[in-house]
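In: What follows is a predicted structure for the sequence shown.
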Amino acid sequence: MSSKLHFYNTISRKKEEFIPANPPFVGMYVCGPTVYGDAHLGHARSAITFDIVFRYLKHLGYKVRYVRNITDVGHLENDADYGEDKIAKKARLEQLEPMEVVQYYKDRYHREMDALNNNRPSIEPQASGHIIEQIAMTEKLLENGFAYVSEGSVYFDVEKYAASHHYGKLSGRKIEDLQSNSRDLDGQSEKRSPLDFALWKKASPEHIMRWPSPWSDGFPGWHIECSVMSSKYLGNSFDIHGGGLDLLFPHHECEIAQSVGANGEEPVRYWLHNNMITLNGQKMAKSLGNTIMLHEFFSGDNELLDQSYDPLTIRFFILQAHYRSTLDFGNEPLQAAQKGYSKLKTALASARSLSIEWKPESDEVTALINKWSDECAAAMNDDMNTALTIATLFDMASYINGLKNVQEKRIPSKAQFEEIINIFAAYFEDVLGLGSESTGSQNVEVLDDVMDVLLELRTTAKENKDYGTADAIRDKLKAIGVTIMDGKDGADWQVDA
RNA sequence: GGUCGGGUGGCCGAGCGGUUAGGCAGUGGUCUGCAAAACCAUCUACAGCGGUUCAAAUCCGCUCCCGACCUCCA
């Protein structure tokens, strides 16, 4: 196998071979959620995308430290909400402590990400726990002459920085264009240039989330937490920075400017951005009011949804598209995903319990195994083309299912079949995270025994041509979500997704 | 307006110079007491118009649509 891992690096706009700075260690930072509301499908796509990076790098043998922040200090809002901290606003609305709101949504976020089978990051730092470091970095930027104090707030001086560095290198923006396009926002009089962004913001009197600083009682700016927490846990220069495409500008551009301005080092070697999920061709966003919350998918409780969807169906749906493409949501595609996913899951389960007459090892089967193994690796290595990996898994599933047919000639040896299962499981479960966790082993065993009893009764009924009873057993089980499948040698069953 | 990215068969989606992508749906079979599942076979494509090339969904140009960012956002 000759293919090597390549990522599309946003900053160079090309696929590049991934070579960590300090192998076998890899540092990855991903922009996490603002915990003042529930997660929607877009949050799921980002989390799943970088969970795949995390899992695949580990699969390749790297030691990965995955840092994903929790934003809990709030940021400025425009319009009527100008100057008000998002979390504080919500808190007043609900008469809760701000940190109580944070805790509530953080817990829900974790539960939903767990349900999607995302591995937890290695470190999940909160912005509120790094105020001291954010103040320190702001001081460093003031010292280095890239920031200025104005009315108790501190701003990054973009023009000053741009005189000696390339501001816009990530997003491909030109500073002249930005200047001519900038809009008039309130509070810009404090800034020397509309392009400047806040490092520290003085809190208005009604703003309850606030911390003391050398400049004012206030709160950190929007971008500084990521620069601070990534360098704290991964170093001034680290391998991978991930996030949604919508964060490219200004957020990630500002992160580069801040880090370079403070530390004099280019912070990130590979920039990875996942694309958006669209609904009727438009992206899902809070501001557009067309978001569907994750818990609504799980419960089906949204008028846009025909039914509820299993979290792993959502995961599969997302992985069937490449992470850099937009993915259009719909009930029909989601239902297609549900069936396809179920097919793969069932194929793996039946492979694990398959017993047929094995043949001696054959070159033909060995060639197949090598082909599948290479295809899976090549697909993942090519900028994580999970859609292609899944296509290979479908090939393997067809082969596995076909082994029961008498006309199948390519019967493997026992060892070869075990290798096939290992490859399938390595990608399906470990890399793509699509294996469903078996819950409560003891209950499962009891259920197995109970089902054996029922199937035995039904078989007896069938032998007596008592199809009424046989069908009644099948129908009633179907009604509670268990499907009976009659086969050549006995019946099989599965719990519906 | 500026800067990017798209338009693939009934639906979703890979591919980005020569090979069946794949899934779901449809059709015809096999199997089955019936069903389900599974397997086999099969049908719909590359927005339009030009150009480059032995060869273009894939490269170039134009046209028409659509989206993203520039503002909190995955």
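Out: Good, I have the coordinates.
In: Closest residue of chain A to RNA strand B?
Out: As assessed by Cβ to the nearest atom of the strand, RNA strand B sits closest to A:Gly244 within chain A, at 1.5 Å. Bear in mind the C-beta positions are built from the backbone N, C-alpha and C, glycine included.
In: A:Ile48 is in contact with that residue, correct?
Out: No - judged on Cβ atoms under 8 Å, A:Gly244 makes no contact with A:Ile48 at a distance of 11.9 Å.
In: Those two - which one has more neighbours?
Out: The neighbour count for A:Gly244 versus A:Ile48, taken as other Cβ atoms under 10 Å, is higher for A:Ile48 (24 against 21).
In: Chain neighbours aside, what residue packs nearest to the more buried one?
Out: Nearest non-adjacent residue to A:Ile48, counting by Cβ to Cβ, 6 or more residues apart in numbering: A:Ile318, 5.3 Å away.
In: thinking again about what came up before, the residue nearest to the residue of chain A closest to RNA strand B when sequence neighbours are not counted sits in which helix or strand?
Out: If the residues on either side of it in the chain are set aside, A:Gly244 comes closest to A:Ser46, at 5.1 Å by Cβ to Cβ, 6+ apart. Following DSSP states H and E, one finds A:Ser46 within helix A:41-59.
In: so what does that helix touch, helix or strand wise?
Out: When contacts are defined as 3 or more Cβ pairs under 8 Å, 6 or more residues apart in numbering; DSSP states H and E, helix A:41-59 sits against strand A:25-30, strand A:63-68, helix A:98-115, strand A:238-244, strand A:268-274, strand A:277-279, helix A:294-299, helix A:311-319.
In: can you list the ones you listed in TSV and add mean pLDDT and distance to A:Asp157?
Out: Putting those into TSV (pLDDT from 0 to 100; distance: least, Cβ to Cβ, whole Å) gives the following:
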stretch	mean pLDDT	distance to A:Asp157
strand A:25-30	98	25
strand A:63-68	98	28
helix A:98-115	93	31
strand A:238-244	96	23
strand A:268-274	96	22
strand A:277-279	90	36
helix A:294-299	94	40
helix A:311-319	96	40
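In: All the helices of the stretch 301-450 of chain A, residue numbers only.
Out: A:311-319, A:331-353, A:363-381, A:386-402, A:414-425, A:441-463 (DSSP state H, counting those that start in this stretch).
In: Tell me the buried residues in the third one?
Out: To tie it back to what came earlier, the one meant is helix A:363-381. By neighbour count on 16 or more other Cβ atoms under 10 Å, the buried set for helix A:363-381 is A:365, A:368-369, A:372-373, A:375-381.
In: got the CA positions of that helix in CSV?
Out: Extracted in CSV, the C-alpha atoms of helix A:363-381 (Å, rounded to 0.1, in the frame of the first residue of the first chain):
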residue,chain,number,x,y,z
ASP,A,363,-5.5,-16.2,-4.6
GLU,A,364,-8.8,-14.9,-5.9
VAL,A,365,-10.0,-14.1,-2.4
THR,A,366,-6.7,-12.7,-1.3
ALA,A,367,-6.8,-10.3,-4.3
LEU,A,368,-10.2,-9.2,-3.2
ILE,A,369,-9.1,-8.6,0.3
ASN,A,370,-6.1,-6.6,-0.8
LYS,A,371,-8.3,-4.6,-3.2
TRP,A,372,-10.8,-3.7,-0.4
SER,A,373,-8.1,-2.9,2.1
ASP,A,374,-6.3,-0.7,-0.4
GLU,A,375,-9.4,1.1,-1.5
CYS,A,376,-10.4,1.9,2.1
ALA,A,377,-7.0,3.2,2.9
ALA,A,378,-6.6,5.2,-0.3
ALA,A,379,-10.1,6.8,0.2
MET,A,380,-9.3,7.9,3.7
ASN,A,381,-5.8,9.0,2.7
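In: Roughly how far does A:Asp363 sit from A:Glu253?
Out: Remark: distance between A:Asp363 and A:Glu253 (Cβ to Cβ, to the nearest Å) = 55 Å.
In: for A:Asp448, that is, sorry about that
Out: In terms of Cβ to Cβ, A:Asp448 sits 56 Å off from A:Glu253.
In: out of the two, which sits in the busier spot?
Out: Remark: of A:Asp448 and A:Glu253, A:Glu253 carries more neighbours, 22 against 10, as counted by other Cβ under 10 Å.
In: so that one, which of the three states?
Out: At A:Glu253 the chain is in helix, as set by DSSP: H, G, I helix; E, B strand; the rest coil.
In: Then A:Trp493?
Out: strand.
In: Dig out what it forms beta bridges with.
Out: A:Ile484 (DSSP bridges).
In: what about it, how many neighbours?
Out: By other Cβ under 10 Å, neighbour count at A:Trp493 equals 16.
In: Identify the residues contacting it.
Out: Applying Cβ atoms under 8 Å, 6 or more residues apart in numbering to A:Trp493 gives the contacts A:451, A:455, A:477, A:482-485.
In: Tell me which other helices or strands the helix or strand encompassing A:Asp486 touches.
Out: Applying DSSP H and E as the criterion places A:Asp486 in strand A:482-487. Packing partners of strand A:482-487 (3+ Cβ pairs under 8 Å, 6+ apart): helix A:441-463, helix A:467-479, strand A:490-495.
In: Need the ones you listed in TSV (columns: mean pLDDT).
Out: Listed next are the helices and strands packed on strand A:482-487 as TSV, based on pLDDT from 0 to 100:
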stretch	mean pLDDT
helix A:441-463	84
helix A:467-479	89
strand A:490-495	80
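In: now these as a markdown table including distance to RNA strand B?
Out: A markdown table is the format used below for those (distance: least, Cβ to the nearest atom of the strand, whole Å):
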| stretch | distance to RNA strand B |
| --- | --- |
| helix A:441-463 | 5 |
| helix A:467-479 | 4 |
| strand A:490-495 | 7 |
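In: Put together CSV for those, with distance to A:Ile390 on each row.
Out: Shown next, in CSV, are the helices and strands packed on strand A:482-487 (distance: least, Cβ to Cβ, whole Å):
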stretch, distance to A:Ile390
helix A:441-463, 27
helix A:467-479, 28
strand A:490-495, 20
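In: How about the strand holding A:Asp486, which residues are buried there?
Out: Quick answer for strand A:482-487 (16+ other Cβ under 10 Å): A:482, A:484.
In: And RNA strand B, is it touching that?
Out: Yes - contact of strand A:482-487 with RNA strand B (Cβ under 7 Å from any atom of the strand) involves A:483-487.
In: now swap in stretch A:12-30 and tell me
Out: Yes - using Cβ under 7 Å from any atom of the strand, stretch A:12-30 reaches RNA strand B at A:Arg13.
In: got the end-to-end distance for that stretch?
Out: 19 Å (Cα to Cα, to the nearest Å).
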